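# predicted model follows, preceded by the sequence.
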Amino acid sequence: KTSRADVSRSNALLSESDRSLLSWRRFNPDQTGGMKYIGSYLGKQLPPPLGVPEVAFLGRSNVGKSSLLNRLTEGVVQKSGPADQARVGKTPGATAAVNLYAILGKPKGTGSARKLTAAAAAMAAKPVLGLADLPGFGYA
């Protein structure tokens, strides 16, 4: 059973979409089915809403945002493959666009009776957490 935060008094201060965030299940990295690269978004192109909480990695150029993202998700990436890892460069400016990733939940109905390939499992799994790798700032 998952416990939920007591938000009885502060509920009136939140929008309907923020209230729905409080009713989500607690994130458990052991119950993930891998990580998927969603895409890169540059300029006025907006990333698609994933419908799940998202964490943005923001900071100065060349401080290790992409490396941190890879380190935090290394157990998840082992399930999906290295192609879904964040690209890490040695020089500042390697991340030029907003790169969006999704940590996927385990697909439902994949018991021993039904074996899915890794690609089919990734298609069946739904995102449980979004990760946005943002370009660095402050590099001239």
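Thanks, I have it.
# can you pull out the low-pLDDT segments for the protein?
For the chain, residues meeting the criterion pLDDT under 70 lie at 1-12, 14, 19, 21-27, 29, 77-83, 94, 108-124, 139-140.
# that one: helices as residue ranges?
16-22, 65-72, 74-80, 118-124 (DSSP state H).
# would you mind finding the longest strand in the chain?
With DSSP state E applied, the strand covering the greatest number of residues in the chain is identified as strand 32-41.
# in that strand, what's buried?
Buried residues in strand 32-41, counted by 16 or more other CB atoms under 10 Å: 32, 33, 34, 35, 36, 37, 38. Where you see a C-beta, it was placed from the backbone N, CA and C, and this is true even at glycine.
# ok, stretch 127-135 next?
Buried, per 16+ other CB under 10 Å, within stretch 127-135: 127, 128, 129, 130, 131, 132, 133, 135.
# returning to that earlier point: parallel or antiparallel, list what pairs with the longest strand of the chain.
strand 98-105 (antiparallel) (DSSP bridges).
# now the angle between helix 65-72 and the partner strand, please.
If you take axes from the mean of the first three to the mean of the last three CA atoms, to 10 degrees, strand 98-105 sits at 10 degrees to helix 65-72.
# mind saving the C-alpha coords of strand 98-105 as PDB?
This file holds the C-alpha atoms of strand 98-105, laid out as PDB (Å, rounded to 0.1, in the frame of the first residue of the first chain):
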ATOM      1  CA  VAL A  98      16.500  20.000 -25.000                       C
ATOM      2  CA  ASN A  99      16.800  16.200 -25.000                       C
ATOM      3  CA  LEU A 100      13.800  14.400 -23.500                       C
ATOM      4  CA  TYR A 101      14.000  10.900 -22.000                       C
ATOM      5  CA  ALA A 102      11.300   8.800 -20.300                       C
ATOM      6  CA  ILE A 103      11.800   6.100 -17.700                       C
ATOM      7  CA  LEU A 104       9.300   3.400 -18.500                       C
ATOM      8  CA  GLY A 105       7.300   1.300 -16.200                       C
END
